[in-house]
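Novice: Using only what follows, build the 3D model:
(4 chains)
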There are 2 protein chains.
Amino acid sequence: MNLLSYGLLGLLAREESSGYDLMLRIQPFWQAKHSQIYPLLARMESKELLASRWIQQSDKPDKKMYTITDKGIHMLQQWSQESLAAPVTRDELSLRLFCLWLTDKSSANRMLEERKRHFIQRIRHLEDILNDIPDEDLHFGSKNFGDYILVQKGLMNAKAGLEWCQMVLRMLLAGDVRADTNPFSLKP
Amino acid sequence: MNLLSYGLLGLLAREESSGYDLMLRIQPFWQAKHSQIYPLLARMESKELLASRWIQQSDKPDKKMYTITDKGIHMLQQWSQESLAAPVTRDELSLRLFCLWLTDKSSANRMLEERKRHFIQRIRHLEDILNDIPDEDLHFGSKNFGDYILVQKGLMNAKAGLEWCQMVLRMLLAGDVRADTNPFSLKP
DNA sequence: CGACGCATGTAATGCGTTACATGATTCT
DNA sequence: AGAATCATGTAACGCATTACATGCGTCG
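Specialist: From the prediction side, this is the model:
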């Protein structure tokens, strides 16, 4: 059982879903292709953490719907008690900054504008998701609460990334030194 | 040539280094073990992007120092012109939030405090790196400029993460609704 | 008529972690 | 005496992406 399996299990704890559906729902928070998800679901079914049934559809292809079992729920609750792994980020941009000094200014500008567009798109996307979360029952214990803070997490991150882009783009224009935009510090 | 290879190449474009040294320097921005780095360096040497020589040391084990070749520099400059891949983040915490509703409040609290400590540590670490970057010559084209904005990138991200933790911890205490701490929005 | 969305799967390949293997010196 | 740091490598395994494979319905 890897982390992605637990993620799928967590989504299935809320409602019966197809593999295709799970792929779409998990996408914004954990990149995974269908080719990885389908085998994991099959494996979890063989371990009796999940059960499945085929639903036939007239207009679209038939789909296999998965339901979590009691054993699956139990597995999830165990996982919640374990200690948390550190987040891992792999960003090509970080590596590119190592050799920024042998790049020309216009390439650097293009690169940062590209990343800026990426963040703006992500912010739009997450704000759309946020708007689909009902306002009522937004307290610890409601299913929406987890979704709400999860989207906020992505949103605050993307906004920080966007701010960083704008800071660097400003510095490229001004051609100068230490940014004054350093909101807070641990050492005041 | 994968992204990590380019990252190593980028570091070697600045100064001759050992594999061990590269591992330590790349660590804060791209997690990679020595067992991944050593074979990549050997492969790049066989492609003549790098050259190496052994340095004997009296107090410590001997080390193999790598230097970038002209071919390596050329490869790097080509890479800088290519379009940027989107960043990939894999955070167990995101997956845990999917099933937060079947967790008790004290576990949730423990989890968030754990993550909060993680961010505080990372901020300390990055601020230490920042203090080691000389203030002079901090303009586009200097080697320090890339380092400076790279560290700022990590720092702004970690600070956003810390803020998120504190927001959620406040919500858990108050037991309530939509956070008021939503600094900016794309739709004003 | 071609592209895209829905829907499920397998196979090959590449990336990353853990474990195995060695060995001197320094710090606690 | 035991752990940590420096230093390099290989082997086995697990995780992730790309490619292969199929097929219907809809929209432009």
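
Novice: Contacts (any at all) between DNA strand D and stretch A:66-77?
Specialist: No - applying CB under 7 Å from any atom of the strand, one finds stretch A:66-77 out of contact with DNA strand D, separated by at least 14.6 Å. Where you see a C-beta, it was placed from the backbone N, CA and C, and this is true even at glycine.

Novice: Residues contacting that stretch, please?
Specialist: If you take CB atoms under 8 Å, 6 or more residues apart in numbering or on different chains as the criterion, stretch A:66-77 is touched by A:1, A:6, A:9-10, A:12-13, A:16-19, A:22, A:41, A:44-45, A:47-53, B:99, B:102-103.

Novice: right, quick check: that stretch against DNA strand C, any contact?
Specialist: No - using CB under 7 Å from any atom of the strand, we find that stretch A:66-77 stays clear of DNA strand C, coming within 8.3 Å at best.

Novice: Go through that stretch and flag the buried ones.
Specialist: By neighbour count on 16 or more other CB atoms under 10 Å in any protein chain shown, the buried set for stretch A:66-77 is A:66, A:68, A:69, A:72, A:73, A:75, A:76.

Novice: From those, pick the one nearest chain B.
Specialist: residue A:76 (5.5 Å; CB to the nearest CB).

Novice: still on that earlier bit, mind checking which of the contacts of stretch A:66-77 are in strands?
Specialist: With strands taken from DSSP state E, the overlap with those comprises A:17, A:18, A:50, A:51, A:52, A:53.

Novice: Look up how far chain B lies from residue A:44.
Specialist: 14 Å (CB to the nearest CB, to the nearest Å).

Novice: Can you report how many residues lie near residue A:148?
Specialist: 24 (other CB atoms under 10 Å in any protein chain shown).

Novice: Please report how far the closest residue to residue A:72 other than its chain neighbours lies from DNA strand D.
Specialist: The spatially closest residue to residue A:72, leaving aside those adjacent along the chain, is residue A:49, at 3.8 Å (CB to CB, 6 or more residues apart in numbering or on different chains). Distance, residue A:49 to DNA strand D, using CB to the nearest atom of the strand, to the nearest Å: 15 Å.

Novice: What average pLDDT does stretch A:13-31 get?
Specialist: Stretch A:13-31 shows a mean pLDDT of 97.

Novice: all helices for chain A, in order.
Specialist: Under the criterion DSSP state H, chain A contains helices at A:3-12, A:19-26, A:34-46, A:70-81, A:92-98, A:105-131, A:143-174.

Novice: With just CA atoms, put the first one into PDB.
Specialist: As requested, C-alpha coordinates have been extracted for helix A:3-12 and formatted as PDB (Å, rounded to 0.1, in the frame of the first residue of the first chain):
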ATOM      1  CA  LEU A   3       0.400   6.800  -0.600                       C
ATOM      2  CA  LEU A   4      -1.600   7.000  -3.800                       C
ATOM      3  CA  SER A   5      -3.500   3.900  -2.800                       C
ATOM      4  CA  TYR A   6      -4.500   5.500   0.500                       C
ATOM      5  CA  GLY A   7      -5.600   8.600  -1.400                       C
ATOM      6  CA  LEU A   8      -7.900   6.600  -3.600                       C
ATOM      7  CA  LEU A   9      -9.200   4.800  -0.600                       C
ATOM      8  CA  GLY A  10      -9.900   8.100   1.100                       C
ATOM      9  CA  LEU A  11     -11.900   9.300  -1.900                       C
ATOM     10  CA  LEU A  12     -13.900   6.000  -2.000                       C
END
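
Novice: Packing partners of it?
Specialist: Applying 3 or more CB pairs under 8 Å, 6 or more residues apart in numbering or on different chains; DSSP states H and E, one finds that helix A:3-12 makes contact with helix A:19-26, helix A:34-46, strand A:63-68, helix A:70-81, helix B:92-98.

Novice: how about the ones you listed in JSON lines, adding distance to residue A:156?
Specialist: Formatted as JSON lines, the helices and strands packed on helix A:3-12 follow (distance: least, CB to CB, whole Å):
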{"stretch": "helix A:19-26", "distance to residue A:156": "20"}
{"stretch": "helix A:34-46", "distance to residue A:156": "27"}
{"stretch": "strand A:63-68", "distance to residue A:156": "30"}
{"stretch": "helix A:70-81", "distance to residue A:156": "23"}
{"stretch": "helix B:92-98", "distance to residue A:156": "13"}
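
Novice: what's the most buried one of those?
Specialist: Among the helices and strands packed on helix A:3-12, helix B:92-98 has the highest mean neighbour count (mean count of other CB atoms under 10 Å in any protein chain shown), at a mean of 23.

Novice: near chain A, anything from it?
Specialist: Yes - using CB under 8 Å from any CB of the partner chain, we find that helix B:92-98 touches chain A at B:92, B:93, B:94, B:95, B:96, B:97, B:98.
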